[in-house]
Every structure is written in structure tokens, then in C-alpha cells.
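In: take this sequence and fold it.
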Amino acid sequence: MNYVYMLECADKSLYTGWTNDIEKRVRTHSAGRGAKYTRSRLPVRLVYLECHEERNAAKSREFALKRLTHEQKLRLIASSKNKLKKEVVMDYGLQLFSVRDITGDDFFGALKAVREIGYKFIEPAGFFGHSAEEVKAKCQELGLAVSGSHSGFQDLLDRFEETVAYHKEIGNKNYIVPGVKLQTKADVDFFVENANRLAPLLEKEGIRLSYHNHSGEFKPNDDGVIPYDEIVSRTNIGLEIDTFWAYAAGKDPVALMEQLKDRLVSIHIKDGFEDGRGMPLGMGTAPVKEVYQKAKELGILMVVESETLTPDGLTEASICYNYLKNLE
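Out: A predicted model of the protein is given here:
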């Protein structure tokens with residue numbers, strides 16, 4: 001069987017190709033070893049698929065699709081009744097805070113172990129003194145892609161050019177702020193004003209500024225302001241919904257994903273209890289299966305985070321990966 005496919009890249013552009021092994025080809029693109037075009041625009045996701053018996057028919061169709069305008073391709077994707085084959089394997093990312101018990105001492109060893117579990121993307125939470133060139137080389141060696149990073153907002157305020165250069169070198173397209181001070185209205189105003197100033201500057205460099213929530217952003221701060229509502233309504237920055245923390249704040253994470261789907265760069269798929277105690281996937285009461293199905297429906301990258309280090313980070317990361325594979 002021959003396949004003609006389209007991938008949506010991190011910058012929302014579309015790549016069209018053909019292959020006789022769609023699963024392998026998508027994996028190759030996702031690992032940064034596919035076409036030159038997609039290597040610089042990770043992560044990618046499969047959004048359109050056609051099957052053809054004959055190779056020549058597939059190649060002719062690929063040529064025809066490439067001649068369509070971007071708008072025509074989008075209409076084809078939206079109107080298609082074709083469902084992507086179930087055997088196309090999902091790829092998952094890991095927030096490296098999950099393995100913080102080893103990243104500080106052996107960052108590259110942690111990357112190797114994470115890749116051996118099966119994760120294809122990483123979301124670093126610090127680089128532990130390693131240069132961008134070293135991180136890039138190790139990720140290329142292991143077949144890992146950087147789907148985003150949890151990096152400080154203050155770094156953008158204090159060292160913008162240096163910070164941008166680092167993230168461009170490692171191929172990071174999503175600069176995700178993992179939290180800032182939002183205790184007062186003045187704090188919220190400061191973040192909103194500077195996020196709106198910095199976002200277009202980052203965009204010019206091919207990087208999207210995004211925000212990652214915990215539970216506190218959904219609750220009134222000292223001045224009665226709900227920070228998350230302010231960030232959503234007063235900025236156009238990307239959003240990474242931490243589905244567990246939304247659940248712990250009394251929100252429906254699936255409804256939130258649907259509401260904000262056009263702003264999502266990824267989600268954290270996590271489990272735990274309503275009181276805020278985290279657990280590996282499948283061991284808490286959060287609606288993980290429903291979140292998983294919504295993420296698949298929306299084509300949103302799922303980044304695993306499991307924080308308890310019980311008995312250690314890699315064991316938890318393995319439990320979570322195996323849980324997701326069993327849902328496929």
C-alpha cells in the first residue's frame with residue numbers, strides 16, 4: 001500500500017509527502033530525521049492520509065496536493081471523511097521535571113533513559129550548565145526532539161538575545177513559562193504587558209511564547225482577579241494546559257481543552273487526586289482517559305508529567321508511557 005499524507009508543523013505550515021510505510025515515515029519526521037523542511041519545524045502531527053494501491057498513483061496525487069494553496073489544503077483536511085488509521089502510533093513527550101532525581105547529576109544519561117522508554121519528545125526544565133550545541137547534538141544522536149521548554153520569564157526580561165539564541169540552537173519553537181508571580185492585579189498587569197511586548201519579538205525568531213498553569217491561576221488572587229482569565233482574554237500567547245492542575249482547581253480539563261483548542265501548543269497529561277496529590281497515570285482520579293481522547297481528537301501533543309519520584313522518576317515515566325500505549 002502507498003500513502004499520501006500531510007503533516008502540520010509547529011509553525012502551522014503543511015508538509016505533503018508519500019510513503020509505503022506511513023508509521024515509519026511519521027516516526028522519522030517526528031524524530032527530526034525526515035525532510036529538511038520538517039526538521040526545522042518540530043513537532044509535527046499527521047493531519048491527512050490517503051491510501052493508493054499503485055505507487056505512481058500516490059506520487060501523482062502527492063504532486064497534485066502540493067500544487068494546492070494552503071487554504072485549499074486546509075479545506076481538504078477539514079472536509080475529508082478519511083479517518084487516520086489506528087495503526088499510526090502516537091508519540092508522546094516527557095516533561096523532564098519528572099526525572100529531576102537524575103537530570104541534575106546526569107542530564108544526558110537521563111535523556112538516553114527517557115528515549116529508551118519510548119518517548120520521542122522532551123520538554124526540558126533547565127539545562128544544567130550544558131551548552132546549546134551539546135544539547136542539540138545529544139538530542140540528534142538519540143532521536144529526541146524538543147517540543148517545548150519550561151523556562152523562566154525573567155530570562156526573557158534580562159537576557160533576551162542570549163536566551164533566544166540558546167533556544168533557537170536546540171530547535172525549541174515553544175518557550176513555555178511555567179508560572180510567574182500573579183498574587184496581585186499589579187503582578188498580573190506586569191506579566192500581561194510584558195508578554196504582549198515579548199511575544200511578537202519571539203515570533204520573529206520562530207518561537208512561540210506560551211504559559212503553563214498550575215491550580216492557583218484559576219482562583220481569585222489577593223485583589224479578586226482570576227489570573228488565568230486575564231491571561232486568556234488579554235493576551236494571544238500560547239497555552240499549555242496542565243490538565244491535572246486544572247482538575248485540582250475544580251475545572252473540567254476536557255471542556256477547557258475544547259474551549260482553548262486554538263491556543264494550545266501542548267497539554268500536560270497527568271493524574272492525581274482532587275486535593276492536589278499527584279500520581280502516575282492511571283493511579284489517581286483525574287479524567288485521564290477523557291483527556292487522552294480529546295487530545296487525540298484535537299491532534300494536540302501530549303506531554304507526560306509525573307512528579308512523585310516514587311520509587312524514582314524513570315519508573316514513574318515508564319508506568320505513564322505504558323499506560324498511554326495501552327490506551328491506543
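In: which element, helix or strand, includes residue 156?
Out: Assigned by DSSP states H and E, residue 156 falls within helix 153-158.
In: could you list every helix and strand in contact with that helix?
Out: Using 3 or more C-beta pairs under 8 Å, 6 or more residues apart in numbering; DSSP states H and E, the elements in contact with helix 153-158 are helix 185-204. The C-beta positions use only the backbone N, C-alpha and C, and glycine is treated the same way.
In: show me what the helix it packs on is packed up against.
Out: helix 153-158, helix 160-169, strand 208-212, helix 227-234.
In: could you say what helices and strands the second one packs with?
Out: Right, helix 160-169. Using 3+ C-beta pairs under 8 Å, 6+ apart, helix 160-169 is in contact with helix 132-142, helix 185-204.
In: what's the answer for the last one, then?
Out: Identification of packing neighbours for helix 227-234 by 3+ C-beta pairs under 8 Å, 6+ apart yields helix 185-204.
In: list the buried residues in the helix it packs on.
Out: For helix 185-204, burial by neighbour count (16 or more other C-beta atoms under 10 Å) applies to 187-188, 190-192, 195, 198-199, 202.
In: circling back to that earlier point, now tell me what touches the helix holding residue 156 from outside.
Out: Defining contact as C-beta atoms under 8 Å, 6 or more residues apart in numbering, one finds that helix 153-158 is touched by 163, 175, 177, 180, 191, 194-195, 198, 202, 209.
In: then stretch 211-226?
Out: Outside stretch 211-226, the residues that touch it by C-beta under 8 Å, 6+ apart are 150, 176-179, 182-185, 187-188, 195, 227-228, 231, 237-242, 245-246, 248-251, 268, 276.
In: just to revisit the earlier point, the helices and strands packed on helix 160-169 into JSON lines, with extra columns for mean pLDDT and distance to residue 79?
Out: Formatted as JSON lines, those follow (pLDDT from 0 to 100; distance: least, C-beta to C-beta, whole Å):
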{"stretch": "helix 132-142", "mean pLDDT": "95", "distance to residue 79": "37"}
{"stretch": "helix 185-204", "mean pLDDT": "97", "distance to residue 79": "30"}
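In: what about stretch 72-81, distance to the chain center?
Out: For stretch 72-81, the separation from the chain centroid amounts to 24 Å (computed by C-alpha atoms, centre = their mean, to the nearest Å).
In: just give the nearest non-adjacent residue to residue 202, would you?
Out: residue 209 (5.0 Å; C-beta to C-beta, 6 or more residues apart in numbering).
In: state the number of residues packed around residue 248.
Out: Number of residues near residue 248 (other C-beta atoms under 10 Å) recorded here: 24.
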